[in-house]
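Visitor: Generate coordinates for the sequence data below:
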Amino acid sequence: MANNVLSWRPYVRGASALRDRTAHTVPGTRLPTLPSPAPQGDAGSPPGTDAEAEPEDTEAALVTEMHGRRLQRLLKGRREHLGLRQEDIAERLSIGARAYGNWERGRVREWTDQKLYALAEALEMSEFQTDRLFWIAVDRAPQPDLRAISHQALPQDPATASFLGDYRVMMDALSLPTFLIDHRWDVTMANTAFHDLFQGIRSHPTAMPAANFLRFGLFHPDAPTILMDYPNWQLSMLAQLSSSLERHDQDPALHAIRRDVYLRPTLRDAYLKEMPDWVLGAGADLVHHDGAVGALRHPDPHVGRRGCRLVEETPRPLQGLGLTRITLVLLDAKDRCMQERPRTRQAA
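Guide: Sure, this is the predicted structure:
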């Protein structure tokens, strides 16, 4: 450091001497301006360090900007394809519109799997689109196990896990389709007979029967191939949606289903006009009224068209977990229970 100070002393002395001579200069003349000393770096820093780091920083910034633009094109393009606004997606994600705007522009401090899966679901992405979202956002493929946990998060203490494992074995032993749902009608467990019933259903990003039974019945294009007399099934499911919203009016998933209903003119008219009259005669709950008998067509030709009664039978441990067990009791086509009869709301 002493060498640096000494090296500047001639410059300082020269500057002082030059100022001393200003009194003897001719009026109107200007003295030459001395150049400012170059800023010194930290002692011990190798020369050219800052100049060498600048290209690396610039390259990293360009890569980040490129990823942000690719992510924005994917998210904005998918949203506009669905005909939705940023506010609509924000509501599905239960976040503010400004926060979602930052998501869409890639301004997120850290992309977690939970955020990306929620985003894929809100934008109704296919498996391929979800994979692409992950590769753009975090440069890797998604982890299916984490998606299963996020959709079917149940208490996993040893006693509960043991009970659910035994209950699954019991359900698989039944020949009738049976499944467990929560208040959103998200399916958390289903037996082999249930999967056999819907084995021919084409893939759908948001309306698979083993994911959410209400969404399947309302939105899946293949639902009428299984659920016969489809308009009646739709009305009963719209009534169930209305009933669930009355009990859980702050649930964003139920509001998202109703919003998707409003996006389809036929369903919207049925929900606003036909469903209230249907409820007066049949009741609002899909499984809690007399005469809840529909018709379905089983893909097994030996079973074929059958009547179907939805029966709820939920043991207390499942009730404690917020789950309900529903069994599709298949009836013979000639069964007298399938005959049309007045429907009255069953007493609680």
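Visitor: Tell me the buried residues in stretch 258-265?
Guide: 258, 260-261 (16 or more other CB atoms under 10 Å). Yep, even glycine has a C-beta here, placed from its N, CA and C like the rest.
Visitor: Helices along the stretch 151-300 of the chain, start to end?
Guide: 158-172, 192-197, 213-219, 223-226, 230-247, 252-262, 265-269, 275-282 (DSSP state H, counting those that start in this stretch).
Visitor: Can you get me a residue count around residue 79?
Guide: Residues lying near residue 79 (other CB atoms under 10 Å) number 19.
Visitor: residues in contact with residue 194?
Guide: 177-179, 209-210, 328 (CB atoms under 8 Å, 6 or more residues apart in numbering).
Visitor: just residue 275 next, same as before
Guide: Applying CB under 8 Å, 6+ apart, the residues contacting residue 275 are 235, 238-239, 242.
Visitor: Would you mind listing where the stretch 151-300 of the chain has pLDDT under the threshold?
Guide: Scanning the stretch 151-300 of the chain with the threshold set as pLDDT under 70 gives 151-156, 281-293.
Visitor: again, only using 80
Guide: Applying pLDDT under 80 to the stretch 151-300 of the chain flags the ranges 151-157, 205, 278-293.
Visitor: now the end-to-end length of stretch 77-86.
Guide: 12 Å (CA to CA, to the nearest Å).
Visitor: one step back: of the contacts of residue 194, which belong to strands?
Guide: 178-179, 328 (DSSP state E).
Visitor: Any of those buried? List them.
Guide: Buried among those (16+ other CB under 10 Å): 178-179, 328.
Visitor: how about those in CSV, adding distance to residue 316?
Guide: Compiled in CSV, those are given as follows (distance: CB to CB, whole Å):
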residue, distance to residue 316
178, 17
179, 19
328, 23
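Visitor: Using the three-state scheme, assign the residue lying closest to residue 115 once chain neighbours are set aside.
Guide: Ranked by CB to CB, 6 or more residues apart in numbering and with sequence neighbours excluded, the top spatial neighbour of residue 115 is residue 108, at 7.3 Å. Under DSSP: H, G, I helix; E, B strand; the rest coil, residue 108 falls in the coil class.
Visitor: How many neighbouring residues does residue 108 have?
Guide: By other CB under 10 Å, 17 other residues sit near residue 108.
Visitor: Please apply the same query to residue 84.
Guide: Residue 84 has 19 nearby residues by other CB under 10 Å.
Visitor: swap in the one 10 residues further on?
Guide: Summarising burial for residue 94: neighbours were counted as other CB under 10 Å, giving 14.
Visitor: Would you mind measuring from it to residue 105?
Guide: Residue 94 is 19 Å from residue 105, where distance means CB to CB, to the nearest Å.
Visitor: Could you do residue 190 as well?
Guide: Distance, residue 190 to residue 105, using CB to CB: 39 Å.
Visitor: now do residue 72
Guide: 6 Å.
Visitor: try residue 273
Guide: Distance of residue 273 to residue 105, computed by CB to CB: 41 Å.
Visitor: same thing with residue 184?
Guide: For residue 184, the distance to residue 105 - CB to CB - is 30 Å.
Visitor: Tell me how far residue 277 lies from residue 235.
Guide: Distance from residue 277 to residue 235, by CB to CB: 9 Å.
Visitor: So for the two, which residue has more residues nearby?
Guide: Neighbours were counted for residue 277 and for residue 235 using other CB under 10 Å; residue 235 has more, 18 against 10.
Visitor: list the contacts for that one?
Guide: Taking CB under 8 Å, 6+ apart as the test, what residue 235 contacts is 270, 274-275, 278, 282.
Visitor: sorry, back to before: settle it for me: which of residue 190 and residue 105 has more neighbours?
Guide: Ranked by neighbour count (other CB under 10 Å), residue 190 and residue 105 place residue 190 first, with 22 against 14.
Visitor: Could you give the bridge partners of the closest residue to the more buried one other than its chain neighbours?
Guide: Nearest residue to residue 190 in three dimensions, chain neighbours excluded: residue 179, at 3.9 Å (CB to CB, 6+ apart). Bridge pairing for residue 179 (DSSP bridges) gives the partners residue 190, residue 326.
Visitor: and residue 96, how many neighbours?
Guide: Each residue near residue 96 was counted by other CB under 10 Å, and the total is 12.
Visitor: Which pLDDT value belongs to the residue lying closest to it once chain neighbours are set aside?
Guide: Excluding its sequence neighbours, the residue lying closest to residue 96 (CB to CB, 6+ apart) is residue 90, at 6.1 Å. What the model reports for residue 90 is a pLDDT of 88.
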